[in-house]
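Enquirer: 3D, please:
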Amino acid sequence: MLDIKYLRNHPDEVKENIRKKFQDEKLPLVDEVIDLDRRYREAKTRCDWLRSQRNSISKQIGGLIAKGRKEEAEEAKAQVVSMQREMEELEAQETILSGQIRERMLVIPNIIDPSVPIGRDDSENVEVQRYGEARVPDYEIPYHVDIMERFSGIDLDSARRTSGNGFYYLAGDIARLHSAILSYARDFMIDRGFTYYVPPFMIRGHVVTGVMSFAEMENMMYKIEGEDLYLIGTSEHSMIGKFIDTILEEDKLPQTLTSYSPCFRKEVGAHGIEERGVYRIHQFEKQEMVVVCKPEDSMMWFERLYNNTVDFFRSLEIPVRTLECCSGDLADLKVKSVDVEAWSPRQQKYFEVGSCSNLGDAQARRLAIRVKSREKGNYFPHTLNNTVVAPPRMLIAFLENNLQADGTVRIPEPLRMYMGGKAALIPPEAKR
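Expert: As a prediction, the model looks like this:
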């Protein structure tokens, strides 16, 4: 959410930012907010003046009565009653206007960083850098479900009967590999100085609207019927929510956190849920990283965060690239975002495995997260988040890049301690 003072003083810049995001339907909101804000401030100024006058007149009433000037005292009492009625009307008006302003401000997109490329959608995102050699072996790489089935490692049919499309059972070595990757990711981030958390997997509605836009909420979140609780779509939601309505000491920044959680998503939109596969699903698990920092440090942390993901994948010898999201592909709260994509030798292209976002002070402003500073007074910190790894999608990249010609799957050195020392996965038929 933008600072109302910024919008008030720079309406043209706010409108231009809306145009850069190709959301022209939101342009009228700027003028609406300015008008509502003017009326709100007029009502508040009038209410404050009446309160001052009422208090002054109230103090005089006792003196008038003591002097026997009862008629003047009654007139003063009538004035006080009249002022009180008008104040109550104005306070009610302030509440309505404040709500209308917030409703619109929550929809107006955050100001994007000047470095963000301008484009309508993800087709206009810009490649930044490639890491590792993207190879295509001289033997066939099957579809990832077929690889998993060779190891008796996935059961989509049973999951479809119990839960519907978008769910899965993992089993045996594939399930163990899934857990090993998450355990390695946890330790990888702890070794980089991040504090490990397991957060709540459900959060209240006011936290949801604090961490994301209404459009994202509608397309992602599952609500618990009859309760003010939502299943999280990522642990970022509850990890940023952890700081709601708090004042942090400046010397406690940055807060660098890494968190594990299951994630639940509707996946409403053009992509839809896969009938067969684990690329786009309703349920998965993820290791996340979250930073709360001083505004002047946020771009430095932004680069560190997405490089953590690059380093993690490269430690497992998976080729990746970074892709800068264009203006039209940025969610409304984001200032800047970079996706990390892994190489798929089967498809001979890269696909998304993580997304790093700098949200400026948008989440902090919505959730009333402040920092106490002697020099600057209280201010809103910046918040950032990034995916370390999200299996089972990451399993696709892992299996395709480590599948050998004989059907075995190589286990890179960093994962072996989490896999009981195994150097490779061997299909059951090869063991006979």
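Enquirer: Is residue 14 in contact with residue 30, as I believe?
Expert: Yes. At 5.3 Å, residue 14 counts as touching residue 30 under the criterion of CB atoms under 8 Å. Bear in mind the C-beta positions are built from the backbone N, C-alpha and C, glycine included.
Enquirer: Show me whatever sits in contact with both of those two.
Expert: Residues touching both residue 14 and residue 30 comprise 7, 108, with contact defined as CB atoms under 8 Å, 6 or more residues apart in numbering.
Enquirer: just the strands in the stretch 301-432 of the chain please.
Expert: For the stretch 301-432 of the chain, applying DSSP state E, counting those that start in this stretch gives strands covering 320-324, 336-344, 349-358, 370-372, 382-389, 409-410, 424-425.
Enquirer: so which of the ones you listed gets nearest residue 56?
Expert: In terms of CB to CB, the element of the strands of the stretch 301-432 of the chain nearest to residue 56 is strand 370-372, at 34.6 Å.
Enquirer: Name the residues of the closest one that come out as buried.
Expert: 370-371 (16 or more other CB atoms under 10 Å).
Enquirer: mind checking the SS state of residue 290?
Expert: Of the three states, residue 290 takes strand according to DSSP: H, G, I helix; E, B strand; the rest coil.
Enquirer: what residues are up against it?
Expert: Counted by CB under 8 Å, 6+ apart, residue 290 has contacts 235-236, 239-240, 255-259, 383-385.
Enquirer: Looking at it now. What's its pLDDT?
Expert: In this model, residue 290 is scored at 98, pLDDT.
Enquirer: for residue 269, same thing?
Expert: 57.
Enquirer: what mean pLDDT does the strand or helix carrying residue 173 have?
Expert: Applying DSSP states H and E as the criterion places residue 173 in helix 172-191. The pLDDT scores in helix 172-191 average 97.
Enquirer: pLDDT-wise, which helix or strand of the chain ranks last?
Expert: Every helix and strand of the chain was ranked by mean pLDDT, DSSP states H and E. The lowest is helix 428-431, at a mean of 72.
Enquirer: circling back: kindly reformat the strands of the stretch 301-432 of the chain as JSON lines containing distance to residue 141 and mean pLDDT.
Expert: Formatted as JSON lines, the strands of the stretch 301-432 of the chain follow (distance: least, CB to CB, whole Å; pLDDT from 0 to 100):
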{"stretch": "strand 320-324", "distance to residue 141": "17", "mean pLDDT": "98"}
{"stretch": "strand 336-344", "distance to residue 141": "8", "mean pLDDT": "97"}
{"stretch": "strand 349-358", "distance to residue 141": "13", "mean pLDDT": "96"}
{"stretch": "strand 370-372", "distance to residue 141": "49", "mean pLDDT": "97"}
{"stretch": "strand 382-389", "distance to residue 141": "21", "mean pLDDT": "97"}
{"stretch": "strand 409-410", "distance to residue 141": "11", "mean pLDDT": "97"}
{"stretch": "strand 424-425", "distance to residue 141": "15", "mean pLDDT": "96"}
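Enquirer: hey, which of those is tucked in deepest?
Expert: strand 382-389 (a mean of 27; mean count of other CB atoms under 10 Å).
Enquirer: and the angle from that one to strand 336-344?
Expert: 10 degrees (axes from the mean of the first three to the mean of the last three CA atoms, to 10 degrees).
Enquirer: Neighbouring strands - and their directions - for strand 382-389?
Expert: strand 283-293 (antiparallel), strand 349-358 (antiparallel) (DSSP bridges).
Enquirer: so what's residue 168 up against?
Expert: Per CB under 8 Å, 6+ apart, neighbours of residue 168: 154-156, 159, 278, 281, 392.
Enquirer: can you redo those residues as CSV with secondary structure, neighbour count and pLDDT?
Expert: Converted to CSV, the contacts of residue 168 look like this (DSSP: H, G, I helix; E, B strand; the rest coil; neighbours: other CB atoms under 10 Å; pLDDT from 0 to 100):
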residue, secondary structure, neighbour count, pLDDT
154, strand, 26, 96
155, strand, 15, 95
156, helix, 20, 94
159, helix, 18, 94
278, coil, 24, 89
281, coil, 20, 90
392, coil, 25, 88
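Enquirer: now, the most widely separated pair of these?
Expert: Going by CB to CB, the pair spanning these furthest: 155 and 281, at 13.9 Å.
Enquirer: Adding distance to residue 138, write the strands of the stretch 301-432 of the chain out as CSV.
Expert: Formatted as CSV, the strands of the stretch 301-432 of the chain follow (distance: least, CB to CB, whole Å):
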stretch, distance to residue 138
strand 320-324, 23
strand 336-344, 16
strand 349-358, 18
strand 370-372, 56
strand 382-389, 29
strand 409-410, 16
strand 424-425, 20
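Enquirer: And these: which comes nearest residue 106?
Expert: Among the strands of the stretch 301-432 of the chain, strand 382-389 sits nearest to residue 106 (CB to CB), with 16.3 Å.
Enquirer: now the closest one against helix 172-191, angle please.
Expert: 150 degrees.
Enquirer: Let me know whether residue 288 touches residue 258 as I believe.
Expert: Yes. Checked against CB under 8 Å, the pair residue 288 and residue 258 is within contact range at 6.7 Å.
Enquirer: Quick check: neighbours shared by the two?
Expert: Once CB under 8 Å, 6+ apart is applied, the residues that residue 288 and residue 258 both contact turn out to be residue 388.
Enquirer: Just the CA trace of stretch 44-56, in PDB.
Expert: Extracted in PDB, the C-alpha atoms of stretch 44-56 (Å, rounded to 0.1, in the frame of the first residue of the first chain):
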ATOM      1  CA  LYS A  44     -11.200  15.700  10.800                       C
ATOM      2  CA  THR A  45     -10.200  19.400  11.000                       C
ATOM      3  CA  ARG A  46     -13.700  20.500  11.700                       C
ATOM      4  CA  CYS A  47     -14.100  17.700  14.300                       C
ATOM      5  CA  ASP A  48     -10.800  18.700  16.000                       C
ATOM      6  CA  TRP A  49     -11.900  22.400  16.100                       C
ATOM      7  CA  LEU A  50     -15.300  21.500  17.600                       C
ATOM      8  CA  ARG A  51     -13.700  19.300  20.200                       C
ATOM      9  CA  SER A  52     -11.500  22.200  21.200                       C
ATOM     10  CA  GLN A  53     -14.400  24.600  21.400                       C
ATOM     11  CA  ARG A  54     -16.600  22.100  23.300                       C
ATOM     12  CA  ASN A  55     -13.900  21.600  25.900                       C
ATOM     13  CA  SER A  56     -13.400  25.300  26.300                       C
END
